[in-house]
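Participant: sequence below, structure please.
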Amino acid sequence: MAGPGSPRRASRGASALLAAALLYAALGDVVRSEQQIPLSVVKLWASAFGGEIKSIAAKYSGSQLLQKKYKEYEKDVAIEEIDGLQLVKKLAKNMEEMFHKKSEAVRRLVEAAEEAHLKHEFDADLQYEYFNAVLINERDKDGNFLELGKEFILAPNDHFNNLPVNISLSDVQVPTNMYNKDPAIVNGVYWSESLNKVFVDNFDRDPSLIWQYFGSAKGFFRQYPGIKWEPDENGVIAFDCRNRKWYIQAATSPKDVVILVDVSGSMKGLRLTIAKQTVSSILDTLGDDDFFNIIAYNEELHYVEPCLNGTLVQADRTNKEHFREHLDKLFAKGIGMLDIALNEAFNILSDFNHTGQGSICIQAIMLITDGAVDTYDTIFAKYNWPDRKVRIFTYLIGREAAFADNLKWMACANKGFFTQISTLADVQENVMEYLHVLSRPKVIDQEHDVVWTEAYIDSTLADDQGLVLMTTVAMPVFSKQNETRSKGILLGVVGTDVPVKELLKTIPKYKLGIHGYAFAITNNGYILTHPELRPLYEEGKKRRKPNYSSVDLSEVEWEDRDDVLRNAMVNRKTGKFSMEVKKTVDKGKRVLVMTNDYYYTDIKGTPFSLGVALSRGHGKYFFRGNVTIEEGLHDLEHPDVSLADEWSYCNTDLHPEHRHLSQLEAIKLYLKGKEPLLQCDKELIQEVLFDAVVSAPIEAYWTSLALNKSEDFLKAGDKENIFNADHFPLWYRRAAEQIPGSFVYSIPFSTGTVNKSNVVTASTSIQLLDERKSPVVAAVGIQMKLEFFQRKFWTASRQCASLDGKCSISCDDETVNCYLIDNNGFILVSEDYTQTGDFFGEVEGAVMNKLLTMGSFKRITLYDYQAMCRANKESSDGAHGLLDPYNAFLAAVKWIMTELVLFLVEFNLCSWWHSDITAKAQKLKQTLEPCDTEYPAFVSERTIKETSGNIACEDCSKSFVIQQIPSSNLFMVVVDSSCLCESIAPITMAPIEIRYILLCIGPVTAAEAGEGNQQ
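Facilitator: Numbering: from 1, shown residues only. Here you go, the predicted model:
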């Protein structure tokens, strides 16, 4: 509830009722006195300041009145303990139903697509003008529409974040490297036009749907609603739907892959460049359910990552990028001995399969070479025939076809595929062919498996809160034509996106308590949704972290060192787990230590598992209030009431006619029975009506103080007003952990580089019963000007108990420094105003160190596994260079020139050419890269109210006194300033990067260790 003159906020879960009052006062003179640090005097100061500041906070917040009003309604309240296991099962069921609706929409698209293709006859001469997403509404210099770019009506739509879309039609995107009028594409676009009716019908049935699409095996991408696609600054649209995770997961089953790369002398120059790019493109087609390794071979085997020889690793983003970095170290030399490479590959796949860790479904060997002198029948007979469980895919690099027959035979004899790659431009299209082969068993068996992806960001639907996290549900589309059924032809994949926030709407936050939350993970342990997931960095710029989609549950629930919770959820079990947790708040500067009970179960029909965390104590209880609808509506419609922004009382997204409604308008229509289609949470609405009735008298109380007429109060639009109606904001959460009846004081941390604020926030919680098991039902607070707050502190520090009025010590004395710090060690008051908001340990390191030693404060070590650290990196990146046509051209020229020079003067000039002419100028640039960090937080020991001490320094002794301020989270600290004690370093909260050392297991050959620069 905001203060007089600004809207009253009601929020349920225990309701968030708050008062915002800003008190102004002039800072007066302080009285100088004599210098000493007697404990009794400091105790007197602390008592005087604590009594006055609590009186002010209680009076202007109205906390005592609100406590009294809730007490009066106790007879109308039923307190219930939350059954965590039943709650998580119910939530999982709700999510299952929501996911099923999305799956059914996709299934209808599959049926329509397969039926349309069945009726279509391929016509190589077909001419068809379709809506090309890049060319629509484009005109030539004469004002005529371009070919494939006729008029396509677009209108802003609020459901799609006001993007201009066409909700009647889809349009088609074709990758830049493909021909818009290729007969295969034109025929595919023609028969897939029938999906338009299903797109529209799906949207009518489920208005919460967003993008629906069909990704063709031929490369085109049909998207609904239709939208204009814009090329990048180079006029290129690199998007190819067949490289997307949703396509690959739906088209194939999980697979174990060993990639063999020929690095014999014949692979020098452009051939090796093409081979590296081929490997990189294969890695693009692998997902988190796949496992792989890369082996280079000549006369010996060279694992691309020597530390991971003899095994396979999960194809997550981190592993794939790590292997890509090592690809640039490959060089061509010697003679290719394919037999030893094949033996190694078969042994790895066999051993890994026996561990039960792999994908189990499909195993394959990818062979990338410029030729094979044999067919290696004996090896295949030994390892792979007659079952042929391992498929062989062969990629012939270069234009020569002398050894093509051998490679074709190897692929065909082992249920694989052969292709020849002559240029870099051929790589991607040829690599994609193997996916069609691996999809054949699913096509022949008509296995329409539903797949779900991990969370990813859709930048096109960015809203006020930032980029939108999505998951995709997808299904494969197969040919049902009789002449192709036996061959197993994959037509493509259909899918639709599901915003993660749709999942959150099914969660009744008011039943999770103040610190409780729900979260979901994938079958790989990656987070789908969790309040600690931070996918963006550099606040304001909203840049994506490179590994945001593969943050593991163990990286946010890091206190579970044995991964008990993670493993149980990955294994789709149902159960309970408890542990002590350290939750950081306020930009990671503060920490709340509590015990959480975790309840978890699987979401059937999906690869996801759901968890709910409830904090012990008041977090395990909630209450049900009871008032009539009439009196509740009367108070809820009061102008000073607003509802919590993050809570959904009614689902206004289901039907277009409700999307313009505010939550308050929807509640009123629902209660009056005027909108039967409106779906609302009846229980939550009943609670908010109760809160509105109980809190109604607070407005009259504030009015009686006449503060609503004063300019001294913060208004809703004031910059430093933190009393927003969010889901249990920080001031509410911290108040709930304070002793009932006391206030928590803090200075908000700035989001900028200067961490200063002119406002002190004070808040306290309201409980129904005196017992700790009672839920916190409300919180109230005020915001007073820092100048006023500090003046009260200095005034209190003038007091003394002597009869003659002559005080033995004063904070004005030059030999003492006086501070007011909070329970996390942050300074609220200091004689040096610039120290306000700083950590006390950075200002008085010796004293803070002593307080830690004495137990008055304790250090808590925290970890951030989603951090971004600055690192120096070479500006010329080999992995990216593979993608640069200019670099590829230079590589080709270099190879030709090198061969010429070798022919003329084999030794000396080649050495000169390689060391000087081809050397790149390496420039270091500073970048932000994902890292893990360790950092401290500090918390006061509640049982220690006062203490004093002396610190032995090099040439002096430094004395201090610390005294708790009654009914608060504050401490007064008086320090002897005459002894600087500079030998003891300040204590900082700066994070330290954790660096890991990868220890290799197994032999490392000389070539692996350091021959990469030889020729």
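Participant: so for the nearest residue to residue 215 once chain neighbours are set aside, what's the pLDDT?
Facilitator: Sequence neighbours aside, residue 241 is the residue nearest to residue 215 in space, at 3.3 Å (criterion: Cβ to Cβ, 6 or more residues apart in numbering). Backbone N, C-alpha and C define where each C-beta goes, glycine included. Residue 241 is assigned a predicted lDDT (pLDDT) of 93.
Participant: measure residue 439 to residue 112 for me?
Facilitator: Distance of residue 439 to residue 112, computed by Cβ to Cβ, to the nearest Å: 20 Å.
Participant: residue contacts, the residue nearest to residue 215?
Facilitator: 213, 215, 216, 219, 220, 221, 247, 492, 493 (Cβ atoms under 8 Å, 6 or more residues apart in numbering).
Participant: between the residues you listed, which sits nearest residue 301?
Facilitator: When these are ranked by distance to residue 301 (Cβ to Cβ), residue 247 comes first, at 33.2 Å.
Participant: state the helix or strand in which that closest one lies.
Facilitator: helix 245-251 (DSSP states H and E).
Participant: which helices and strands does that helix pack with?
Facilitator: helix 427-444, strand 451-452, strand 466-478, strand 490-499 (3 or more Cβ pairs under 8 Å, 6 or more residues apart in numbering; DSSP states H and E).
Participant: could I get these as CSV with distance to residue 654, mean neighbour count and mean pLDDT?
Facilitator: Listed next are these as CSV, based on distance: least, Cβ to Cβ, whole Å; neighbours: other Cβ atoms under 10 Å; pLDDT from 0 to 100:
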stretch, distance to residue 654, mean neighbour count, mean pLDDT
helix 427-444, 34, 20, 86
strand 451-452, 22, 24, 94
strand 466-478, 19, 23, 88
strand 490-499, 14, 25, 94
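Participant: put together JSON lines for the ones you listed, with distance to residue 312 on each row.
Facilitator: Putting those into JSON lines (distance: least, Cβ to Cβ, whole Å) gives the following:
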{"stretch": "helix 427-444", "distance to residue 312": "17"}
{"stretch": "strand 451-452", "distance to residue 312": "21"}
{"stretch": "strand 466-478", "distance to residue 312": "25"}
{"stretch": "strand 490-499", "distance to residue 312": "25"}
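Participant: which one of these lies nearest to residue 458?
Facilitator: strand 466-478 (4.8 Å).
Participant: helices and strands around the closest one, which ones?
Facilitator: Looks like strand 466-478 contacts helix 84-119, helix 245-251, helix 427-444, strand 451-452, strand 456-463, strand 490-499, helix 500-504 (3+ Cβ pairs under 8 Å, 6+ apart).
Participant: what's the spacing between the shortest one and its chain's center?
Facilitator: Read that as strand 451-452. 19 Å (Cα atoms, centre = their mean, to the nearest Å).
Participant: buried subset of the contacts of residue 241?
Facilitator: In those, burial by neighbour count holds for 213, 215, 216, 219, 220, 221, 247, 492, 493, counting by 16 or more other Cβ atoms under 10 Å.
Participant: just curious, which of the residues you listed is nearest to residue 857?
Facilitator: Nearest member of the buried ones among the contacts of residue 241 to residue 857, counting by Cβ to Cβ, is residue 247, at 54.3 Å.
Participant: for residue 828, which non-adjacent residue is spatially closest?
Facilitator: Nearest to residue 828 is residue 820, by Cβ to Cβ, 6+ apart, at 4.7 Å.
Participant: what is the one you found paired to in the beta sheet?
Facilitator: Note on residue 820: beta-bridge partners residue 829, residue 972, judged by DSSP bridges.
Participant: that one: how many residues sit nearby?
Facilitator: 25 (other Cβ atoms under 10 Å).
Participant: contacts only, for it.
Facilitator: 49, 793, 827, 828, 829, 830, 965, 970, 971, 972, 973.
Participant: let's see it at 7 Å
Facilitator: Residues in contact with residue 820 (Cβ atoms under 7 Å, 6 or more residues apart in numbering) are 793, 828, 829, 970, 972.
Participant: ok, so of those residues, who is nearest residue 655?
Facilitator: Checking those one by one against residue 655 (Cβ to Cβ), the nearest turns out to be residue 828, at 50.3 Å.
Participant: follow-up on the earlier one: looking at the helices and strands packed on helix 245-251, spot the one closest to residue 808.
Facilitator: strand 466-478 (56.5 Å).
Participant: give me the angle between that closest one and helix 427-444.
Facilitator: Put simply, strand 466-478 runs at 60 degrees to helix 427-444, going by axes from the mean of the first three to the mean of the last three Cα atoms, to 10 degrees.
Participant: what about strand 466-478, distance to the chain center?
Facilitator: 16 Å.
Participant: compute the inter-axis angle for it and helix 84-119.
Facilitator: 50 degrees.
Participant: going forward, the N-terminal residue is numbered 32.
Facilitator: With the count now opening at 32, the last piece we talked about shows up as strand 497-509.
Participant: so strand 497-509 versus strand 521-530, what angle?
Facilitator: 150 degrees.
Participant: adjacent strands (with direction) for strand 497-509?
Facilitator: strand 482-483 (antiparallel), strand 487-494 (antiparallel), strand 521-530 (antiparallel).
Participant: figure out which of those strands is closest to residue 899.
Facilitator: Judging the strands paired with strand 497-509 by Cβ to Cβ, what sits closest to residue 899 is strand 487-494, at 15.9 Å.
Participant: ok, which of the helices and strands packed on helix 276-282 comes nearest residue 768?
Facilitator: Nearest to residue 768, of all the helices and strands packed on helix 276-282, is strand 497-509, at 28.4 Å by Cβ to Cβ.
Participant: how about low-confidence regions in the stretch 382-531 of the chain?
Facilitator: Across the stretch 382-531 of the chain, the ranges flagged by pLDDT under 70 are 492-498, 515-517.
Participant: among the buried ones among the contacts of residue 272, which two are most distant?
Facilitator: Longest span within the buried ones among the contacts of residue 272, Cβ to Cβ: 244 and 250, 13.5 Å.
Participant: pLDDT value on residue 939, please?
Facilitator: So, for residue 939, pLDDT stands at 40.
Participant: so where's the stretch 832-981 of the chain uncertain?
Facilitator: Using pLDDT under 70, the flagged stretches of the stretch 832-981 of the chain are 832-836, 904-955.
Participant: make it 80
Facilitator: 832-839, 903-957 (pLDDT under 80).
Participant: just give the nearest non-adjacent residue to the most centrally placed residue in the chain, would you?
Facilitator: Residue closest to the average C-alpha location in the chain (Cα atoms, centre = their mean): residue 566, at 3.3 Å. Spatial nearest neighbour of residue 566, chain neighbours left out: residue 579 (3.6 Å); criterion: Cβ to Cβ, 6+ apart.
Participant: residue 568 is in contact with the one you found, correct?
Facilitator: No. Judged on Cβ atoms under 7 Å, residue 579 makes no contact with residue 568 at a distance of 9.0 Å.
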